[in-house]
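1. got a sequence here, can you model it:
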Amino acid sequence: MKDADKNNGTIVSRGSGNFSSDEAKEIARLRKELKDTQDALDVLKKAIGILGK
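-> Numbering: from 1, shown residues only. This is a model prediction of the structure:
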């Protein structure tokens, strides 16, 4: 309600997504990318271990 009072009765929203700011969205994207990279590294380590035998 405070947002509506500040903006002449309209509530400004960012659109789709659950992030409060562009920075939060970027941090979430980078965390996902880091997790994906770590998972890929683990797979490669296991493959090297299997092929090295």
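
2. so for whichever strand or helix holds residue 35, what's the average pLDDT?
-> Using DSSP states H and E, residue 35 falls within helix 22-51. Helix 22-51 carries an average pLDDT of 96.

3. flag every buried residue along it.
-> The neighbour-count check on helix 22-51 (16 or more other C-beta atoms under 10 Å) flags nothing as buried. C-betas here are computed from N, CA, C, even on glycine.

4. relative to residue 46, how far out is residue 40?
-> Using C-beta to C-beta, to the nearest Å, one obtains 11 Å as the distance from residue 40 to residue 46.

5. overlap in contacts of those two?
-> Taking C-beta atoms under 8 Å, 6 or more residues apart in numbering as the contact criterion, no residue touches both residue 40 and residue 46.

6. list the contacts for residue 28?
-> Listed by C-beta under 8 Å, 6+ apart, the contact set of residue 28 reads residue 19.

7. where's it relative to residue 36, distance?
-> Separation of residue 28 from residue 36 (C-beta to C-beta): 13 Å.

8. next one: residue 52
-> Per C-beta to C-beta, residue 52 is found 24 Å from residue 36.

9. secondary structure class for residue 19?
-> Here residue 19 is coil, with the state taken from DSSP: H, G, I helix; E, B strand; the rest coil.

10. over to it: give its phi and psi.
-> phi -100, psi 140 (degrees, to the nearest 10).

11. is it true that it touches residue 25?
-> Yes. Between residue 19 and residue 25 there is a contact at 4.1 Å, judged by C-beta atoms under 8 Å.

12. CA-only coordinates of stretch 19-31 in PDB, if you can.
-> Listed next in PDB are the C-alpha coordinates belonging to stretch 19-31 (Å, rounded to 0.1, in the frame of the first residue of the first chain):
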ATOM      1  CA  PHE A  19      14.100 -11.000  -7.400                       C
ATOM      2  CA  SER A  20      14.000  -7.600  -5.700                       C
ATOM      3  CA  SER A  21      16.800  -6.000  -7.800                       C
ATOM      4  CA  ASP A  22      18.900  -6.600 -10.800                       C
ATOM      5  CA  GLU A  23      21.800  -7.300  -8.500                       C
ATOM      6  CA  ALA A  24      19.900 -10.100  -6.800                       C
ATOM      7  CA  LYS A  25      19.000 -11.600 -10.200                       C
ATOM      8  CA  GLU A  26      22.600 -11.400 -11.300                       C
ATOM      9  CA  ILE A  27      23.900 -13.100  -8.100                       C
ATOM     10  CA  ALA A  28      21.400 -15.900  -8.500                       C
ATOM     11  CA  ARG A  29      22.500 -16.400 -12.100                       C
ATOM     12  CA  LEU A  30      26.100 -16.400 -11.100                       C
ATOM     13  CA  ARG A  31      25.500 -18.900  -8.300                       C
END
